[in-house]
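Student: Compute the structure for the input listed below.
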Amino acid sequence: MRNEIVTSDITVVGGGLAGVCAAVAAARLGQTVSLVQNRPVLGGNASSEIRVWVCGATSHGVHRNARETGIMGELFVENQYRNIDGNPYIWDLIVLEKVKAEPNITLFLNTDVHEVEASGDDDNRTIQAVTGWMMGSERRIRFESRVFLDCTGDGLVGFLAGANFRIGREAQDEFNEEWAPLVPDDITLGSTLLFYTKDVGRPVKYIAPSFAKDIIQTSIPMKRVIRSGDNGCAYWWIEWGGEHDTVHDNERIRDELSSVIYGIWDYIKNSGKFDSANLTLEWIGSIPGKREYRRFVGDYVLNQNDVIAQELFEDRVAFGGWSIDLHPPQGMYATVSGSKHMHMDGSYHIPFRSLYSSNVSNMLMAGRNISASHVAFGTTRVMATCAVIGEAAGTGAALCAAKDISPRELHGEHLSELQQTLLRQDASILGVANTDATDLVLNAEMTASSTLTQLGLESSAGVYPLKTNLALLLPVDPFLDGLELLLDAGEDTELSVELWHTEKPQNYVPHTLVTSVVVPVTAGKHQWVTAALKWEPEQAQNAFIVIKSNPALSVHVSDRPQSGVLSFKYNPAPTDNRDYGDMHHHQPVIDWSAYDFVRKPICFRLLSPTSAYGADKAADGYKRPYGSPHLWSSGAVGASAPAWLEASWSELQRIKSVHVTFNDDVNEDLINLHHHRTEFEVIPELVKDYKLQAWVGQEWTTVAEGLGNHTRHHVHVLDEAITTSRLRVVVEATNGSAHAEIVELRCYQ
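Tutor: Sure, this is the predicted structure:
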């Protein structure tokens, strides 16, 4: 046996997406990081060993403009470019490559941490070191750091360090949570095994193993959807262990799950009820994908009411959007639906106080073990949300290590610096503006070659019957003086249109009626009909325009999307759904669905010019849609005259680095594995070819460029600092969009 000591600024234990993003975030901020993972691959539940698809704030397209940015966003976009068909092994490589690209990270795979050295009393403990065994190498490694992150999911490091934690469900009266039980218990969400099938083009027999479960003797066939052609994600409900200890009974849970999978496959192959002759069982997981175990107690416990109210925490550092998604304790054997869902109206915020231990002074946590009630955990547990939490925790850890302070001290004395650092790194944080005093662009005048000022989508790609209420969401900046809709009318009739306020800037549902109008329409096709809706809000924000149902009318839909414009169909969700579980009553975000209008919104024309896409929007401090698009959009891009965005100063500036954030359409719901397929490898709105140019010696000089770009956030550190009063981004080509679009421009000395 070999004994080793590894010293680094930060030790991250757990190589799931939370741990990966935490390690990368800290390393990018100059701290040395030991990333310790007890499996041979990174990715945790998302890895090829388990193959759970990465869910997040989009909630599979339910929430608009909600896809994560930052490190998780980089992984999504890169996977789409290199792995459009969702090969789990290529996904493994993309995650691994993200870690290996950081020279400040030392990666320790196959290393199981099971010893923690900590000191202090119960109320104030400090971790000195953790020790792990590297399987297959006979190496016992002691990791010493100033700051530790428990990203293990199960929370073993914090548990061994004496951190306060909870397991199970809190009583309803503790946080006044509607979905909590009347009395507390130790019930958790169970674990799941997934499987893949394959059509081999010829008949394949299947002989079930002796331990396969006869599912006819269970409640499964009556209560669950079983189909021969479904992919692995359709069987998320093969879940068990919620009434057991999901850690100590892990082997028993795995055996039960695998016996059911082999039994289900026997039922599909040999019952005669399915078209499955040519199908074979290609892969079955051998490691249960765990949902829940320990949840640490931080300085704040996030609860159901915070999530549903979308509480605007002062210390918000990340966001989520997956529904509160809870499952019955009996899992696949339950006689009720496999899940129940409560959706919030839009993305909710996660406070930094929930990411560090209340009693272990140098420990942060990220992933499914953060400080949240069982009910709130029902949404924070999904992996893309765990990942953005990881980036926030890793950023916090880096600042703690650099300043030699605790996370609590960071929160109390340096909260603004934490948030501003996250924004600079393009992390997923909502409603916090850039106030970085060192960003030269905040004091620059912004101009552009052209700007989209007349908003409209006039080219029709077909019609959509107005059998139910439809809606059009668009930015109002600074006022709305009416709009025109392109309609077909089968007879003389009336068009009824309403304008609604969305309440919160990150929401895309109607909340408060502002005004309405009824317009006569004569019979005829392809006619522009004016709805004289007028609104001048106190600040720029989105208008949710409801087009009331009328069987005599059809709206035209566009053949291209427009950033900042969305369309919806009112289609109240059923309260129970065998595929997806029970839905809580009154969920506007579910009732107003955008699925029918993805990249083909309703045709319209604004009657007034808009300032929503001005050059100044690339320096307004916001990096995501939040009440308005918050990006510069050019007029139509032409090959003969490239578009450009310019920052200029009254005095010369010394510039060493330039940050450019392009629009990667965070409304597009990307996935890493097998849930759905997005048909293009590169987001069309992304700039493809560009140059950074500085005004030097009375001419424009190219100081950096990007060709064939397919990503969002770029930091150009120049070989030599330049002295200039003008700097611009010249866009020579996009990846398909008719407009050049830039979310943010920053410059630093």
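
Student: If you count contacts, what does the helix or strand residue 267 falls within end up packed against?
Tutor: Assigned by DSSP states H and E, residue 267 belongs to helix 250-270. Helix 250-270 is packed against strand 191-192, strand 195-199, helix 220-223, strand 239-240, strand 279-284, with contacts defined by 3 or more C-beta pairs under 8 Å, 6 or more residues apart in numbering; DSSP states H and E. Using the backbone N, CA and C atoms, a C-beta is placed for each residue, glycine as well.

Student: any chance of those in CSV, with mean pLDDT, mean neighbour count and distance to residue 672 too?
Tutor: Below are the helices and strands packed on helix 250-270 laid out as CSV (pLDDT from 0 to 100; neighbours: other C-beta atoms under 10 Å; distance: least, C-beta to C-beta, whole Å):
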stretch, mean pLDDT, mean neighbour count, distance to residue 672
strand 191-192, 96, 28, 17
strand 195-199, 92, 16, 15
helix 220-223, 83, 15, 28
strand 239-240, 96, 26, 21
strand 279-284, 94, 16, 17
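
Student: Looking at the ones you listed, which is nearest to residue 326?
Tutor: Closest to residue 326 of the helices and strands packed on helix 250-270, according to C-beta to C-beta: strand 239-240, at 11.6 Å.

Student: what lines up beside that closest one in the sheet?
Tutor: The pairing partners recorded for strand 239-240 under DSSP bridges are strand 191-192 (antiparallel).

Student: Check the offset of the partner strand from the chain's centre.
Tutor: Chain-centre distance of strand 191-192: 22 Å, with C-alpha atoms, centre = their mean, to the nearest Å.

Student: domain ranges for this protein?
Tutor: Here the domain parsing of the chain from automatic domain parsing is 2-164+296-323+343-424, 191-284, 440-451+613-748, 456-606.

Student: mean confidence for the third one?
Tutor: Here the mean pLDDT over domain 440-451+613-748 is 96, rounded to a whole number.

Student: Start and end of that domain, how far apart?
Tutor: 6 Å (C-alpha to C-alpha, to the nearest Å).

Student: for stretch 201-218, same thing?
Tutor: End-to-end distance (C-alpha to C-alpha), stretch 201-218: 32 Å.

Student: And for stretch 584-591?
Tutor: Per C-alpha to C-alpha, the first residue of stretch 584-591 is 11 Å away from its last.

Student: which residues touch it?
Tutor: 62-63, 340-346, 507-510, 570-573, 575, 583 (C-beta atoms under 8 Å, 6 or more residues apart in numbering).

Student: taking those one by one, which sit in strands?
Tutor: 340, 341, 342, 570, 583 (DSSP state E).

Student: Kindly present those as JSON lines, with separate columns for neighbour count and pLDDT.
Tutor: Formatted as JSON lines, these follow (neighbours: other C-beta atoms under 10 Å; pLDDT from 0 to 100):
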{"residue": "340", "neighbour count": "21", "pLDDT": "93"}
{"residue": "341", "neighbour count": "23", "pLDDT": "94"}
{"residue": "342", "neighbour count": "21", "pLDDT": "94"}
{"residue": "570", "neighbour count": "17", "pLDDT": "96"}
{"residue": "583", "neighbour count": "22", "pLDDT": "76"}
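
Student: Farthest-apart pair in the residues you listed, please.
Tutor: 340 and 570, at 22.7 Å, using C-beta to C-beta across those.

Student: Would it be right to say that residue 616 lies in a helix?
Tutor: Yes. Counting by DSSP: H, G, I helix; E, B strand; the rest coil, residue 616 is located in a helix.

Student: which residues does the nearest residue to it once chain neighbours are set aside contact?
Tutor: Distances taken as C-beta to C-beta, 6 or more residues apart in numbering place residue 446 nearest to residue 616, at 4.7 Å, with adjacent residues excluded. With contact set as C-beta under 8 Å, 6+ apart, residue 446 has these partners: 614, 615, 616, 618, 619, 632, 645, 646, 647, 745.

Student: Adjacent strands (with direction) for the host helix or strand of the last one?
Tutor: The one in question is residue 745. Element membership for residue 745 (DSSP H and E) is strand 739-748. Strand pairing for strand 739-748, using DSSP bridges, gives strand 632-636 (antiparallel), strand 643-662 (antiparallel).

Student: Packed most tightly, which of those strands would that be?
Tutor: Ranked by mean neighbour count under mean count of other C-beta atoms under 10 Å, those are led by strand 632-636, which reaches a mean of 22.

Student: Need the contact partners of that strand.
Tutor: By C-beta under 8 Å, 6+ apart, strand 632-636 touches 446, 448-452, 563, 613-618, 643, 645, 731, 738-742.

Student: same thing but 7 Å
Tutor: With contact meaning C-beta atoms under 7 Å, 6 or more residues apart in numbering, strand 632-636 is reached by 448-452, 563, 613-615, 617-618, 643, 645, 738-742.

Student: again with stretch 180-190
Tutor: 167-172, 239-243, 246, 291-293, 327, 329, 331, 375.

Student: Recalculate using a threshold of 8 Å.
Tutor: For stretch 180-190, using C-beta under 8 Å, 6+ apart, the contacting residues are 167-172, 174, 239-243, 246, 253, 291-293, 304, 326-327, 329, 331, 373-375, 378, 381.
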